[in-house]
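Engineer: Dropping the sequence and predicted coords here.
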Amino acid sequence: MGLIEGIKKAGKELARELKDIKQAPFVQEMCKTASNMYRLGWDERNGGNISYLLDEKEVAEYLDLTKVLRTLPFMGWNETEFDAKPIEGKIFIVTGTGKYFKNVQDDPETNLGIIRIAKGGKGIELLWGYKDGGRTTSELPAHLMCHMARLAIDPENRVIMHSHPTYTLAMNYVHELDEMKLTHTLWEMCTECIAVFPDGVGVLPWMVCGTNEIGIATAEKMKEFRLVVWSMHGIYGAGKTMDETFGLIETVEKAAQIYMLTAHLPRINTIKDEDMVKLAEYFGVKYRKDFLNL
Ligand code: 13P
Ligand code: ZN
């Protein structure tokens, strides 16, 4: 290559335009999902939070990854640290604390942030967003601990979602909060439940939210379940994609709705355990046999 061509090429590289981040598929997905969750009534006020593990190469098309806007305190309200070394350098898009899901679509740059876990796993670098000086959801300990737990089982896991779905929450007040019993009742409520969440639903007792303790307990459950109910608070879901994770919570919520619409009425018909086995076998899913009364 001649000198002139070389200079031209270098000039082009320097002028390489970054794409508009607001058009990035991952920002769009966050906006659409938050709006959906709000419209379904699952996420009142600032209720709920989402974190989404991004592909560094994809993010580099939109952001200069050498530019750190701010460093953020690591964790939830109590700002106590924990070891996030296994995910150091990983980039996530995360909803902001105190931010309303209903506002994400209109102003993603204020309500969302793109963060990178700093070297050593002991801090956060803000690459984009939280424009008003905001910071990550107070549930970041639970989210990051769940990401670490799920990634160890499934390297494709990218999404952790927390929500306060109405019927799931209502059911918490009138149904025993036992993993086997709760899962069994949910499986009975819609034919496809056992195929959608064959691993069942984990349950935590009521705990103070936004703490490392609830994060540790949720992540422990996530080794076994992709869905974890926080008693009388809400639910956590984990999945490969936004659709899969949303779909898991949506299916639990639908089953809880059927339960709440029928729990006070005499039960005449039900899906039997033998039927659930037929279904799980037909769909070829590995289900919790110990959650059935066979
Ligand atoms: P954040 O506003 O900090 O995300 O908290 C919402 C919530 O649902 C707490 O459990
Ligand atoms: Zn919550």
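Structural biologist: Happy to help now that I have it. Ligands and ions are numbered 1, 2, ... in the order given.
Engineer: going forward, measure contacts between C-alpha atoms and count neighbours the same way
Structural biologist: Will do.
Engineer: least trustworthy helix or strand in this protein by mean pLDDT?
Structural biologist: Using mean pLDDT, DSSP states H and E, the weakest-scoring helix or strand in the chain turns out to be helix 3-14, at a mean of 62.
Engineer: helices or strands next to whatever helix or strand comes next after it in the packing?
Structural biologist: As assigned by DSSP states H and E, the chain's next helix or strand after helix 3-14 is helix 25-39. Applying 3 or more C-alpha pairs under 8 Å, 6 or more residues apart in numbering; DSSP states H and E, one finds that helix 25-39 contacts helix 101-104, helix 242-262.
Engineer: what about the helices in the stretch 51-200 of the chain?
Structural biologist: Assigned by DSSP state H, counting those that start in this stretch, the stretch 51-200 of the chain shows helices spanning 56-60, 101-104, 108-111, 140-153, 166-174, 179-189, 193-196.
Engineer: Make a markdown table out of those and add mean neighbour count, mean pLDDT and distance to residue 244.
Structural biologist: Listed next are the helices of the stretch 51-200 of the chain as a markdown table, based on neighbours: other C-alpha atoms under 10 Å; pLDDT from 0 to 100; distance: least, C-alpha to C-alpha, whole Å:
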| stretch | mean neighbour count | mean pLDDT | distance to residue 244 |
| --- | --- | --- | --- |
| helix 56-60 | 14 | 98 | 21 |
| helix 101-104 | 23 | 98 | 19 |
| helix 108-111 | 22 | 98 | 22 |
| helix 140-153 | 23 | 96 | 14 |
| helix 166-174 | 18 | 98 | 18 |
| helix 179-189 | 20 | 98 | 18 |
| helix 193-196 | 22 | 98 | 10 |
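Engineer: Of those helices, which is nearest residue 263?
Structural biologist: Closest to residue 263 of the helices of the stretch 51-200 of the chain is helix 166-174 (C-alpha to C-alpha; 9.1 Å).
Engineer: and that closest one, does that touch ligand 1?
Structural biologist: No: under the criterion of C-alpha under 6 Å from any ligand atom, ligand 1 is not reached by helix 166-174; the shortest gap measures 12.8 Å.
Engineer: quick check: angle from that helix to helix 242-262?
Structural biologist: 50 degrees (axes from the mean of the first three to the mean of the last three C-alpha atoms, to 10 degrees).
Engineer: can you give me the angle helix 166-174 makes with helix 179-189?
Structural biologist: Using the same axes, to 10 degrees: helix 166-174 against helix 179-189 is 130 degrees.
Engineer: how about the helices of the stretch 51-200 of the chain in a markdown table, adding distance to residue 33?
Structural biologist: Formatted as a markdown table, those follow (distance: least, C-alpha to C-alpha, whole Å):
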| stretch | distance to residue 33 |
| --- | --- |
| helix 56-60 | 19 |
| helix 101-104 | 9 |
| helix 108-111 | 12 |
| helix 140-153 | 17 |
| helix 166-174 | 17 |
| helix 179-189 | 24 |
| helix 193-196 | 19 |
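Engineer: any idea how far the residue nearest to residue 143 when sequence neighbours are not counted is from residue 102?
Structural biologist: In space, and not counting its chain neighbours, residue 143 is closest to residue 160: 6.2 Å by C-alpha to C-alpha, 6 or more residues apart in numbering. Applying C-alpha to C-alpha, to the nearest Å, the value for residue 160 to residue 102 is 19 Å.
Engineer: And for residue 252?
Structural biologist: Distance of residue 252 to residue 102, computed by C-alpha to C-alpha: 22 Å.
Engineer: Show me what the residue nearest to residue 143 is bridged to.
Structural biologist: residue 51, residue 238 (DSSP bridges).
Engineer: Residue 238 is in contact with that one, correct?
Structural biologist: Yes: counting by C-alpha atoms under 8 Å, residue 160 touches residue 238, with 4.7 Å between them.
Engineer: Mutual contacts of these two, please.
Structural biologist: 146, 245 (C-alpha atoms under 8 Å, 6 or more residues apart in numbering).
Engineer: give me every residue that touches the residue in the stretch 151-294 of the chain that ligand 1 sits nearest to.
Structural biologist: For the stretch 151-294 of the chain and ligand 1, the shortest gap (C-alpha to the nearest ligand atom) falls at residue 209, measuring 5.6 Å. With contact set as C-alpha under 8 Å, 6+ apart, residue 209 has these partners: residue 139.
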